[in-house]
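A.B. asks: everything below, folded, please.
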Amino acid sequence: MSGKKLPLFASLIATIIGATGCGATMDNSSPSTSEAASTGKITLEFLQNKPEVVNQWNEIIEQFERKYPNIVVKQINPPNTDTTLQADVAKNQLPDIVAMGADATFIQMAQNGVFVDLSSSSMTSRVSPSYLAMLEREVGKKYPYGIPYTVNAVPIIYNVTLFNKYHLSIPRTWSQLMNEAEAIRKKGGTPFYNGFKDSWTIAPIWCALAANTEGADFIQKLKSGKASFSTSDVAAAERLKQFVSMGQSNQFGVDYNDANAAFANGKSVFYAQGIWTIPVLRTDNPNIKLGTFVLPATNDPSSVKMVSGIDTLLAITNTGDTAREQAALKFVSFLLSPSVASEYASDAGLFSAVKGVKNTDPALQPLQAFITDGRVVDFDDHYYPPAMAAGDQYESLLQGSLEKNESVEQMLKQMDTLYSSAASH
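C.D. replies: Here you go, the predicted structure:
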């Protein structure tokens, strides 16, 4: 997750299967072979999904082309990566390299043979095994069809000035966090600022609470019918309602952008959002001093893990052109060099999955140890059925339930109903 999730195209699987013949190597017609023979150069198409880092990618591409003058990399940054890839699959005209999130579109494509199997590549040894395993779990296969590159995290972001004003300390348990929130409120302050008019903004805090309290095997049990939201997520739902009670009065009427601006300008002490928000907050208020800590989702500090997902992965498509695939491997290998990986992660405000690369942003330092040590857990919703996760379905359900102040039992019963319906599709 990196801000709002991209929509899922329900027809993608059928399109992929039709285009690939259930995993056969794709014949992507291209003049690259003749081009290489006549000019000595190979042109690669590199599709990436983040408009905010186009300039950073251009700088990295220039570095690569200086080192490999026989390879030209053309960056493509469409308005919607999912739509573009869907069309590319249908036309058998795939880009050579894709940088995207580990979302449902990637997962479906990986499952259907669109991307090169990288299990025999030495590049896998250069990245965190925790995130490789996470990617393999998401795809549901034992082979990495992408290389984790940058990863995000969902902490509690706080305003250092206000934090000190209220004489707070970093809470290590859920009870301590709620006690501090109550103390802020009693002194006339606002503990949390929420932009719940955009329902997706509920997902970060929900995933952090659920993944830490429902049990490590919840998703497997849910799929096999041995668990339900009603039986496993009571603690998460209770704490979500507590959290909402500490938000500002109009939290269901404020969208994500306005919530960012409000928090950046001192309207609350805490903000429960992903680290992708930090560059935006600093744009809204260049003078703000920010800190972070891992959400203490339980009352046992030793059991808490940080919710962190693969924000950007690098995948090579099955073009059927050996020369281009080899050139693409060189580009991905170049991106995994520590200096390049560090440069990109710092510019993007994220953590790197490349071993030995650390984010130097002081605000993120308290989170680095969780990344380095692998004390992380994936977003729950990465494993929900596509029909449940697409279009903000479950987030809208939670939004409505919280706004109406329904009981935990009512909320979770609706989650079970939505899951049952989505799983049957």
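A.B. asks: the strands in this structure, which residues?
C.D. replies: Taking DSSP state E as the test, the strands found in the chain are 42-48, 71-76, 97-100, 147-151, 155-159, 270-272, 290-294, 306-307, 310-316, 351-352, 376-377.
A.B. asks: could you say what helices and strands the first one packs with?
C.D. replies: Packed against strand 42-48 by the contact rule (3 or more Cβ pairs under 8 Å, 6 or more residues apart in numbering; DSSP states H and E) you find helix 32-39, helix 54-67, strand 71-76, helix 81-91, strand 97-100, helix 322-335. Just so you know, the C-beta spots here come from the backbone N, C-alpha and C atoms, and that holds for glycine as well.
A.B. asks: of the ones you listed, which approaches Val408 most closely?
C.D. replies: Relative to Val408, the nearest member of these by Cβ to Cβ is helix 81-91, separated by 34.1 Å.
A.B. asks: now do the buried residues in the closest one.
C.D. replies: 81-82, 84-86, 88-89 (16 or more other Cβ atoms under 10 Å).
A.B. asks: now do stretch 355-375
C.D. replies: 357-359, 361, 363-364, 367, 370-372.
A.B. asks: any weak-confidence spans in the chain?
C.D. replies: 1-39 (pLDDT under 70).
A.B. asks: which parts of it belong to which domain?
C.D. replies: As given by automatic domain parsing, the domain ranges for the chain are 12-152+309-377, 155-305+384-423.
A.B. asks: so how far is the first one off the chain centroid?
C.D. replies: Mean-position distance between domain 12-152+309-377 and its chain equals 15 Å (Cα atoms, centre = their mean, to the nearest Å).
A.B. asks: got it, and the shortest one?
C.D. replies: Relative to its chain's centre, domain 155-305+384-423 lies at 16 Å (Cα atoms, centre = their mean).
A.B. asks: for the closest residue to Ser352 other than its chain neighbours, give me its contacts.
C.D. replies: Nearest residue to Ser352, sequence neighbours excluded (Cβ to Cβ, 6 or more residues apart in numbering): Ala345, at 3.9 Å. Applying Cβ atoms under 8 Å, 6 or more residues apart in numbering, we find Ala345 in contact with 150, 351-352, 357, 359.
A.B. asks: any chance of those residues in TSV with distance to Thr312 as columns?
C.D. replies: What follows is the contacts of Ala345, written out as TSV (distance: Cβ to Cβ, whole Å):
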residue	distance to Thr312
Thr150	5
Phe351	11
Ser352	10
Val357	13
Asn359	14
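A.B. asks: the longest helix belonging to the chain: which residues count as buried?
C.D. replies: The residue-count maximum for a helix in the chain (DSSP state H) belongs to helix 408-423. Using 16+ other Cβ under 10 Å as the test for burial, helix 408-423 gives 408, 411-415, 418-419, 422.
A.B. asks: so what's Ser228 closest to, chain neighbours aside?
C.D. replies: That would be Asp416: by Cβ to Cβ, 6+ apart, it lies 5.0 Å from Ser228.
A.B. asks: show the contacting residues for that neighbour.
C.D. replies: Asp416 sits in contact with 228-230, where contact means Cβ under 8 Å, 6+ apart.
A.B. asks: check Gln273 too.
C.D. replies: Contacts of Gln273 (Cβ under 8 Å, 6+ apart): 154, 157, 201, 204, 260.
A.B. asks: please redo it, this time with the cut-off set to 10 Å
C.D. replies: Going by Cβ atoms under 10 Å, 6 or more residues apart in numbering, Gln273 touches 3, 154-157, 193-195, 201, 204-205, 256, 259-260, 263, 280-281.
A.B. asks: next one: it from Ser401, what distance?
C.D. replies: 21 Å (Cβ to Cβ, to the nearest Å).
A.B. asks: how about Val116?
C.D. replies: 43 Å.
A.B. asks: just Leu47 next, same as before
C.D. replies: To Ser401, Leu47 is 38 Å away according to Cβ to Cβ.
A.B. asks: next one: Gln414
C.D. replies: With Cβ to Cβ as the criterion, Gln414 and Ser401 are 6 Å apart.
A.B. asks: now do the buried residues in stretch 293-307.
C.D. replies: Quick answer for stretch 293-307 (16+ other Cβ under 10 Å): 293-298, 304-307.
A.B. asks: out of the residues you listed, who's nearest Val98?
C.D. replies: Val307 (24.4 Å).
A.B. asks: in contact with the closest one, which residues?
C.D. replies: By Cβ under 10 Å, 6+ apart, the residues touching Val307 are 1, 152-155, 204-212, 274, 294-295, 297, 370, 376-380.
A.B. asks: which residues does it bridge with?
C.D. replies: Under DSSP bridges, the beta-bridge partners of Val307 are Val377.
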